[in-house]
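> below: sequence and its predicted model.
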Amino acid sequence: MSCARGLRRALNAMTVPDEGEQRLHPLTPFLDVVAMAPKLALPALLLLASTAGRVIIGAGIVLLVLRVAGYWRTWYSLGPDGLVLRSGWFQRNERVISLDRVQHVEVVRSLRHRVAGLSAVSVSVAGSGAPPVVLDAISRAEAERVQELLELGRRRSDVTAAPAAVPPPPPAPLLHLGVGVLALGGVTGAAVLVLPVFVALAWDEVSGYVDDEAAVDRVLSLGVVALAVVGLALAASVAAGLMVLRHYDFTLSRVGPDLRIDRGLLERRSSVIPLRRVQSVQLSANVLRRWVGLATIDVELATAVEHQGTGSVDNTVPVGTRAELEPLVALFAGVDVLPGVTIPHPTAARRRAVTRRALVLVLPWVAVAWPFPVVALAGSLAGAGASAIGGHRWWLHLRHGADSTVVVAESGWLVFRRTVQPWAKVQSVSLRQSPGQRSLGLCHLDLHVAASRATTRVRDVGIDQAAALLNHAPQPAMKNVLAATPQRASA
Amino acid sequence: MDADEWRPLHPSIVGVWRAGATLVAIPVLALQLVVAVLAGHWLWWVVLVLAVVWFGWMVSARLARRYQAWRYRFGPESLELRRGVWWHVATSVPYHRIQQVDVNQGPIQRRYGMVELRIRTASAGTDCSLPGVPQADADELRAWLAARAERDDGA
């Protein structure tokens, strides 16, 4: 009798929540099993092939029971201290996330959530290594409540933010991307270059299995050019489709001191980017995208890890016209107007660029082709020409500018990048010189920030230009790096 | 703590570097010797001789040059370092950005009574460490840096 009572008490202690604690949505175990299904499909098929259909059903039931048990002992609560998540039967876990450590909050609605009318909330935490806390799954209304409470709490803990934390004003839309722009962005993106390789590899595989050589010949007789065109068209449409799928109905809006992004066709994502936590901003565009006037914005937040899909800050704005995106870069960087990026780097930088390309293009060619002088000479000339053109074009895009709030560095021809680095986020400064750079009076200026892309580099800048640039720094400590360069120290 | 004065590392650090290089070189050279004896081709002996010459240069000249190139200073607002023989690197870490100061000591360093001071900021890109600090000074230095970091933090 007393044994039974003891057992019940123990069971109660394990299953009864504290005050204010809540369980996830009761459908959670079923959604978990659905989420696992694709990974288990192959073993299940193998089992099915080996007659044991009943085993699969049994395994499914065991899985569901395990998930229900997990669900039964998972609670969360939201209080003034932050979000508390308690879970586990044998090994008890309790995670407390204080509001001031919340980096950003994302509401994810993948297909299974949408069918069930639920949401998942992913909360990223400052500091490297810590995975995001995920509440998967809760009802839509609850998800909105959690996101709002966490955002409100975070804003209140941001000391210099608006003094009284009033409820956020209605979102003001800043940018909306239509299907056309997204598709064009997909076609001009890097995925197009990767896909033909896969197609070629797949073709290689398939053609190995086809016995009918006449059929292969017939396909080949279509001509390599026609095949390439078909392959490229296929790759382009797949890339465009993927882009639309991921970012359909992309909307960027302003909510008080934060930005909010909603996107996705099958899986809807809604994330909030606190502008105060932005470490650096990058606008980039490859040759194709520049040609059609498109670009991308990547924002670096102070979270050192990118986790699977959630919390990733790359492709903050996946694509958009240059005219739309340029004012947004300033907004992300927290300034009204960016300084002009007008300062070209010394011609010595061009000499270095051409030389480095020539070393890669010409020397290996000569090493391979030297038994055939004519071929070697022709190849070397072609390589030298390509180096000269490539190096010159690269140098033309090499510029920087600065004022007392930000540094702006531009570089790259095939992929052009403009990085905007607020001084306030710079943790330390380094100046690097290779022997070659030393003889040309150049250096790399590295600005270190607390983000996964930890270094903003001003490439091949003249030593005097670096000095002028560092003179803009509001913190005098940054300028001292120049005193540490050997030439200056000895002078 | 004297500010504004460029100081070299402690001279014993050259010994630490030499011992480290030797510990790496001995098994590599031994392996090459075995290969040369077994293979018997003259090319392997050339490789071995080149490796020995390179190691000799490393221990006799290169590490001393590296020591000469190393300077650090406690500036008015920041810790500054310069180092590198081929690649010159100059770094400035403002005191108020310092998050953490680690003291590392490997077995070789322990033998020479040296420690390495590793200064970390919030950025993973910051590459700032003082390899040759006498063990006796380490605690004082660390305390001083931590105090500076604390004092400047509010500013």
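Received the coordinates, thanks.

> switch to C-alpha atoms for all contacts and neighbour counts from now on
OK.

> after the longest helix along chain B, next one along is what?
Secondary structure of chain B per DSSP state H: the longest helix is helix B:12-39. Downstream of helix B:12-39, the next assigned helix or strand under DSSP states H and E is helix B:42-57.

> the helix or strand just after that following helix and chain A in contact?
Note on helix B:42-57: by DSSP H and E, the next helix or strand toward the C-terminus is helix B:63-69. No: using CA under 8 Å from any CA of the partner chain, helix B:63-69 stays clear of chain A, coming no nearer than 8.7 Å.

> shaky segments in the chain?
Assuming you mean chain A. Scanning chain A for pLDDT under 70 picks out A:1-3, A:7, A:10-19, A:50-53, A:126-130, A:157-171, A:192-216, A:218-222, A:303-315, A:482-491.

> sorry, should have said chain B
Short version for chain B, where the test is pLDDT under 70: B:1-3, B:153-155.

> near chain A, which residues of it?
Applying CA under 8 Å from any CA, one finds that chain B approaches chain A through B:75-78, B:80-82, B:86-94, B:97, B:121-126.

> please, a PyMOL command that selects the buried ones among these?
In PyMOL, this line selects whichever of the residues of chain B next to chain A come out buried by 16 or more other CA atoms under 10 Å in any protein chain shown:
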select buried, chain B and resi 75+77+78+80+81+82+88+89+90+91+92+93+94+97+121+122+123+124+125+126
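
> just the residues of chain B next to chain A: which are in helices?
Of the positions in the residues of chain B next to chain A, not one sits in helices, assigned by DSSP H.

> strands - which of the residues of chain B next to chain A land there?
Under the assignment DSSP state E, those contribute B:78, B:80, B:81, B:82, B:88, B:89, B:90, B:91, B:92, B:93, B:94 to strands.

> farthest pair within those?
Farthest-apart pair in those is B:88 and B:94; separation 20.0 Å (CA to CA).

> quick one: buried residues of the helix or strand where residue A:330 lies?
Here residue A:330 is covered by helix A:322-333, with elements defined by DSSP H and E. For helix A:322-333, burial by neighbour count (16+ other CA under 10 Å) applies to A:322, A:325, A:328, A:329, A:330, A:331, A:332, A:333.

> output those residues in TSV, with distance to chain B appended to each entry.
What follows is the buried residues of helix A:322-333, written out as TSV (distance: CA to the nearest CA, whole Å):
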residue	distance to chain B
A:322	30
A:325	27
A:328	25
A:329	22
A:330	23
A:331	23
A:332	20
A:333	18
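
> any idea which of these is closest to residue A:247?
The nearest one, if we look at those relative to residue A:247 and count by CA to CA, is residue A:325, at 16.2 Å.

> contacting residues around that closest one?
Listed by CA atoms under 8 Å, 6 or more residues apart in numbering or on different chains, the contact partners of residue A:325 are A:295, A:296, A:297.

> these two touch, right, the second one and residue A:324?
No: if you go by CA atoms under 8 Å, residue A:296 and residue A:324 don't touch, sitting 10.7 Å apart.

> hang on, residue A:233 in a strand?
No: assessed with DSSP: H, G, I helix; E, B strand; the rest coil, residue A:233 is helix; it does not lie in a strand.

> returning to that earlier point: packing partners of the longest helix of chain B?
Judged by 3 or more CA pairs under 8 Å, 6 or more residues apart in numbering or on different chains; DSSP states H and E, helix B:12-39 is in contact with helix B:42-57, helix B:63-69, helix B:107-112, strand B:129-134.

> can you give me the buried ones in it?
Applying a neighbour-count criterion of 16+ other CA under 10 Å, one finds B:12, B:13, B:14, B:15, B:16, B:17, B:18, B:22, B:29, B:32, B:33, B:36 buried in helix B:12-39.

> so what's the fourth one closest to, chain neighbours aside?
If I follow you right, that is residue B:15. residue B:112 (7.7 Å; CA to CA, 6 or more residues apart in numbering or on different chains).

> residues in contact with residue B:48?
B:29, B:32, B:33, B:36.

> ok, residue A:418 next?
By CA under 8 Å, 6+ apart, the residues touching residue A:418 are A:282, A:283, A:284, A:408, A:409, A:410, A:411.

> now the residues you listed in TSV, with neighbour count?
TSV is the format used below for the contacts of residue A:418 (neighbours: other CA atoms under 10 Å in any protein chain shown):
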residue	neighbour count
A:282	24
A:283	22
A:284	22
A:408	23
A:409	23
A:410	24
A:411	22
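
> now, which of these sits nearest residue A:27?
Using CA to CA, the contacts of residue A:418 come closest to residue A:27 at residue A:282, 41.1 Å.

> phi, psi of the closest one?
Dihedral angles of residue A:282 (phi, psi; degrees, to the nearest 10) stand at phi -130, psi 130.

> secondary structure class for the nearest residue to it once chain neighbours are set aside?
For residue A:282, ignoring the flanking residues on the chain, the nearest one in space by CA to CA, 6+ apart is residue A:419 at 4.4 Å. Of the three states, residue A:419 takes strand according to three-state DSSP.

> got phi/psi on the residue of chain B positioned farthest from its centre?
The C-alpha centroid of chain B is most remote from residue B:40, which lies 38.8 Å away (CA atoms, centre = their mean). Backbone torsions of residue B:40, given as degrees, to the nearest 10, read phi 70, psi 0.

> which residues touch it?
Counting by CA under 8 Å, 6+ apart, residue B:40 touches no other residue.

> and residue A:68, that's in a helix?
Yes: counting by three-state DSSP, residue A:68 falls inside a helix.

> show the backbone phi and psi for the closest residue in space to it that isn't next to it in sequence.
Distances taken as CA to CA, 6+ apart place residue A:29 nearest to residue A:68, at 5.4 Å, with adjacent residues excluded. Residue A:29 adopts backbone torsions of phi -60, psi -40, taken as degrees, to the nearest 10.

> was I right about residue A:29 contacting residue A:74?
No: Residue A:29 is not in contact with residue A:74 according to CA under 8 Å; the separation is 11.4 Å.

> that older thread, tell me which of the helices and strands packed on helix B:12-39 lies nearest to residue A:142.
Minimum separation from residue A:142 across those (CA to CA) falls at strand B:129-134, 48.3 Å.

> and the next helix or strand past that closest one?
Counting by DSSP H and E, the next helix or strand C-terminal to strand B:129-134 is helix B:135-153.

> how about that following helix as CSV, C-alpha atoms only?
The C-alpha coordinates for helix B:135-153 follow below in CSV (Å, rounded to 0.1, in the frame of the first residue of the first chain):
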residue,chain,number,x,y,z
GLN,B,135,56.1,32.6,-14.9
ALA,B,136,56.7,35.0,-12.0
ASP,B,137,55.3,37.9,-13.9
ALA,B,138,52.2,36.2,-15.4
ASP,B,139,49.8,36.6,-12.5
GLU,B,140,50.7,40.3,-12.0
LEU,B,141,50.3,40.9,-15.8
ARG,B,142,47.0,39.1,-16.0
ALA,B,143,45.6,40.9,-13.0
TRP,B,144,46.8,44.3,-14.5
LEU,B,145,45.2,43.5,-17.9
ALA,B,146,41.9,42.4,-16.2
ALA,B,147,41.9,45.6,-14.0
ARG,B,148,42.5,47.7,-17.1
ALA,B,149,39.7,45.9,-19.0
GLU,B,150,37.4,46.5,-16.0
ARG,B,151,38.4,50.1,-15.6
ASP,B,152,38.1,51.1,-19.3
ASP,B,153,34.9,49.1,-19.8
